[in-house]
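**Q** Sequence and predicted structure, then a few things I'm wondering about:
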Amino acid sequence: MKRIASLVLAFVLAALAFSGCGQETALLDGYYTAQAAEFNFGWKEYITIMVRGGSIVSVEYNAENASGFIKSWDNAYMQTMLHSNGTYPNQYTREYAGQLLEKQEAGEIDALSGASSSCGSFQKLAAAVLEQAKKGDSGVVFVDTTE
């Protein structure tokens with residue numbers, strides 16, 4: 001009888017040990033921010049997420065210049081980019097943020113035509129902010145988005 005009990009106990013312990021394998025680390029509730037380490041063409045991109053119940057419930061993605069002016073508010077830039085690229089910051093920042101909110105992971109973001117370099121930056125920032133959320137580290141993480 002002791003042998004059977006020992007085997008059952010060993011099986012239960014093994015099952016518990018392997019139950020976490022292959023699962024993503026849960027996101028911890030809070031606010032998390034990742035920001036570009038340097039200005040790129042006069043703008044520094046950032047992502048701020050809010051996690052509640054282990055899931056992302058809010059995403060803000062944008063860029064600011066040295067004076068703190070938000071890129072998606074720049075109407076002149078919007079008009080220029082819309083006519084040359086077919087998109088503009090207020091459109092692609094909302095699109096990329098929406099994709100992260102929907103998919104809950106950084107690697108699954110689809111690039112918009114005309115904003116593919118911003119997509120690359122977004123994916124790097126999103127990966128960094130998700131790592132912060134897994135650790136529960138609410139400090140701003142700075143990311144090299146130019147590579």
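**A** Perfect, thanks for sending it.
**Q** Quick check, central residue of the chain?
**A** Among the residues of the chain, the one closest to the centroid is Ala126, at 2.2 Å (C-alpha atoms, centre = their mean).
**Q** How is that residue assigned, secondary-structure-wise?
**A** Secondary structure, DSSP: H, G, I helix; E, B strand; the rest coil: Ala126 is helix.
**Q** Give me the distance between the residue lying closest to it once chain neighbours are set aside and His83.
**A** Computed as C-beta to C-beta, 6 or more residues apart in numbering, the closest residue to Ala126 that is not its neighbour in sequence is Ala106, at 3.6 Å. No exception for glycine: its C-beta is placed from N, CA and C like everyone else's. Taking C-beta to C-beta, to the nearest Å as the measure, Ala106 and His83 are separated by 30 Å.
**Q** Compare the two (neighbour count), which wins?
**A** Ala106 (19 against 9; other C-beta atoms under 10 Å).
**Q** residues contacting that one?
**A** Leu100, Gln123, Ala126, Ala127, Leu130 (C-beta atoms under 8 Å, 6 or more residues apart in numbering).
**Q** For this structure, which segments count as strands?
**A** Using DSSP state E, the strands of the chain run over 30-36, 44-52, 55-64, 141-143.
**Q** wait, which of these is closest to Ile70?
**A** Judged by C-beta to C-beta, the one of the strands of the chain that comes nearest to Ile70 is strand 55-64, at 5.4 Å.
**Q** Report the buried residues of that closest one.
**A** Ile56, Val59, Tyr61, Asn62, Ala63, Glu64 (16 or more other C-beta atoms under 10 Å).
**Q** State the number of residues packed around Asp144.
**A** 10.
**Q** isn't it right next to Glu38, touching?
**A** Yes: assessed by C-beta atoms under 8 Å, Asp144 is found in contact with Glu38 at 7.4 Å.
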